[in-house]
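Engineer: turn this into a structure:
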Amino acid sequence: MNETRTFSDKVWLVLKGLAMGAANKVPGVSGGVVAFVAGFYEEFIYSLQKVNRKAFALLFNGRFRSFFQYINGRFLGLLILGMVISYFSVSKILDYLIQHYELYVWSAFFGMIIGSIYYISKDFGDWNRKYLGYLLLGIIAGVSISFLEPAKENNNLIFVFFCGMISVSGMTLPGLSGSFILILIGNYVLLLVDSVNALYDTFSDIFRWDFSFIDNTERIELLKVLTVFTLGSLAGLVSLSHVLGYVLKHFKKATYAVIIGFITGSLGVVWPWKDKVYEVDASGNILLDAEGREVVKDFNRFFPSEFSFETFLAIFFIIVGIIIVVSLERFNNLKKKT
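Structural biologist: The predicted model follows:
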């Protein structure tokens, strides 16, 4: 693992972290796919795998430099820095774009996932019955998750910790969207919108030297939820990486076949043409969440019935998404040669 990184390498790593963090926040998109296409997936998994008993022994014995080197700290630190920054910058922009240009955003993501499938499968090699079976299992799992019905919100802290462990699945398992899983278990708005906004507002208040939020029970509760969610995410990253590290080491090709299938199956989640189905009460009125947003229950996916200018733009953005991934692959290949 390379610890002697140039300044441009460090900046590039932070940007990769930005992309991973932003992708993981968007329902249906996996940060792990970004890691895969950008060429650092295995280093990411094996670095996380180093957070083990030996690492904690080094830390508790005060051997901080050895601990930092052992866990590939520079790599993980820069990547995580990018992810953190994304939650207060890129992901905010994405929220705005999805709200105002939803069709085109989903089209671009759809194209990027198609490009990712090409990228991962092009060097796979020969497909035999066994690997085709793994591919089919991945597709079935991806499609099945796409059509599950969302549950209700739950702010129980034990459940929130569990949500944290699940949410990072998209970081470590390409094709599995952690944020989409949070929608399915009912806690997407609570954990990736309300609690993050509460932290953002708290930082803003502290910057203005305003500590009145201490008496705001709702704000404090959201910050408590975010803290537990973060701890769960860290626990999930480490535990999943150990499992995946073992699987990649002993069953690499089979794992890649399942991942390709899973990403293919997840295309239904980001299908651009879909109508929202809202949660309604007994009187037929659309329910609103605590922030006044309409609660989405499900999506009705459809094929466009006419070739309008809007449809043309959507197809254009699908192509743009494919080009972005293919260009990223070529850029990485040029970087390796130099």
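Engineer: lowest-pLDDT helix or strand in the chain?
Structural biologist: Scoring the helices and strands of the chain by mean pLDDT, DSSP states H and E places strand 296-301 at the bottom, with a mean of 70.
Engineer: need the longest helix for this protein.
Structural biologist: Ranked by residue count under DSSP state H, the longest helix found in the chain is helix 217-250.
Engineer: packing partners of it?
Structural biologist: helix 41-49, helix 157-167, helix 169-172, helix 195-207, helix 252-265 (3 or more C-beta pairs under 8 Å, 6 or more residues apart in numbering; DSSP states H and E). Where you see a C-beta, it was placed from the backbone N, CA and C, and this is true even at glycine.
Engineer: chain center to the very next helix or strand once past the last one: distance?
Structural biologist: The C-terminal neighbour of helix 252-265 among helices and strands, as given by DSSP states H and E, is strand 274-278. Going by C-alpha atoms, centre = their mean, to the nearest Å, the spacing between the C-alpha centre of strand 274-278 and its chain's C-alpha centre is 22 Å.
Engineer: excluding sequence neighbours, find me the nearest residue to Tyr41.
Structural biologist: Leaving aside its chain neighbours, Tyr41 sits nearest to Ala35 (4.2 Å; criterion: C-beta to C-beta, 6 or more residues apart in numbering).
Engineer: what is the neighbour count of the one you found?
Structural biologist: By the criterion of other C-beta atoms under 10 Å, Ala35 has 24 neighbours.
Engineer: next, it: phi, psi?
Structural biologist: Per-residue torsions, Ala35: phi -60, psi -40 (degrees, to the nearest 10).
Engineer: could you report the pLDDT at the residue of the chain most remote from its centre?
Structural biologist: For the chain, the residue at maximal distance from the C-alpha centroid (C-alpha atoms, centre = their mean) is Ser283, at 36.5 Å. Per-residue confidence (pLDDT) for Ser283: 72.
Engineer: and stretch 243-263, what's its mean pLDDT?
Structural biologist: Regarding stretch 243-263, the rounded mean pLDDT is 83.
Engineer: check the separation of the first and last residues in that stretch.
Structural biologist: Stretch 243-263 has an end-to-end distance of 19 Å (criterion: C-alpha to C-alpha, to the nearest Å).
Engineer: quick one: it to chain centroid distance?
Structural biologist: In this view, stretch 243-263 has its centroid 18 Å away from the chain centroid, taken as C-alpha atoms, centre = their mean.
Engineer: next one: stretch 10-22
Structural biologist: How far stretch 10-22 lies from its chain's middle: 13 Å, per C-alpha atoms, centre = their mean.
Engineer: picking up where we left off before, for Ile319, which of the helices and strands packed on helix 217-250 is the nearest?
Structural biologist: Between Ile319 and those, the tightest spacing by C-beta to C-beta is seen for helix 252-265, at 18.5 Å.
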